[in-house]
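K.L.:
what follows is a predicted protein model with its sequence.
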Amino acid sequence: MCVEHRFAKVIALGWYDGPTSGLTQCETCGRVYQFEELDYALHRADDGMNLEVFSLALLPADAFDQAMRVLPDAAAAHWPIWCPPWLFLSGTDRAAAEQGIDDILEQAVAPECIIASSDGLQTFWASRAVRRAEIEQGRDWFEYLGVERSRSKESA
């Protein structure tokens, strides 16, 4: 896994003050991952940035290209983070896109890593291997990564 590098392309399928789920591709090795937000800390006091924890599950090498073929308005995609417009001419077109994305995401293996990022998966504060059972159990992901959830200026 190539987590010390940044992701050049992020397709945000979920969004709340930044990407919460979708697909991403490593700029260095080209691997494609499904990502899911596990936890977040809003507006850390020391730097004013949100800090999020994501799980990463490996997808087939062509998953990113497959997604670009089924997503609406893919020709207008811009990087590093693209949130596709979920607008369709018909319900049939919408259903086909949803099914296409579901088919792609179903190919993901179990999450193998979690990362902490403050800029939508562009850079990492920390990363650590993880097993499926740990994801299913849930835990304090910030503690697991050894990253403080928040810090006041006085404690810095």
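P.N.:
Structure received. Quick caveat, the model's predicted, so the values are computed rather than measured.
K.L.:
give me the contacts around stretch 136-150.
P.N.:
Contacting residues not belonging to stretch 136-150 are listed as 38-39, 41, 44-46, 51, 53, 114-116, 125-128, 130, 134 [Cβ atoms under 8 Å, 6 or more residues apart in numbering]. Every C-beta, even on glycine, is put in place using the N, C-alpha and C of the backbone.
K.L.:
quick one: mean pLDDT over the one helix or strand residue 54 maps to.
P.N.:
Residue 54 is part of strand 51-59 when elements are defined by DSSP states H and E. For strand 51-59, the mean per-residue pLDDT is 94.
K.L.:
any idea which helix or strand comes after it?
P.N.:
Next along from strand 51-59, by DSSP H and E: helix 63-70.
K.L.:
which secondary element of this structure has the worst mean pLDDT?
P.N.:
helix 132-137 (a mean of 88; mean pLDDT, DSSP states H and E).
K.L.:
and the longest helix along the chain, what's buried?
P.N.:
Scanning the chain for the longest helix, with DSSP state H as the assignment, gives helix 91-105. Neighbour counts over helix 91-105 (16 or more other Cβ atoms under 10 Å) mark 97, 101, 104-105 as buried.
K.L.:
that's all I had, so thanks and see you.
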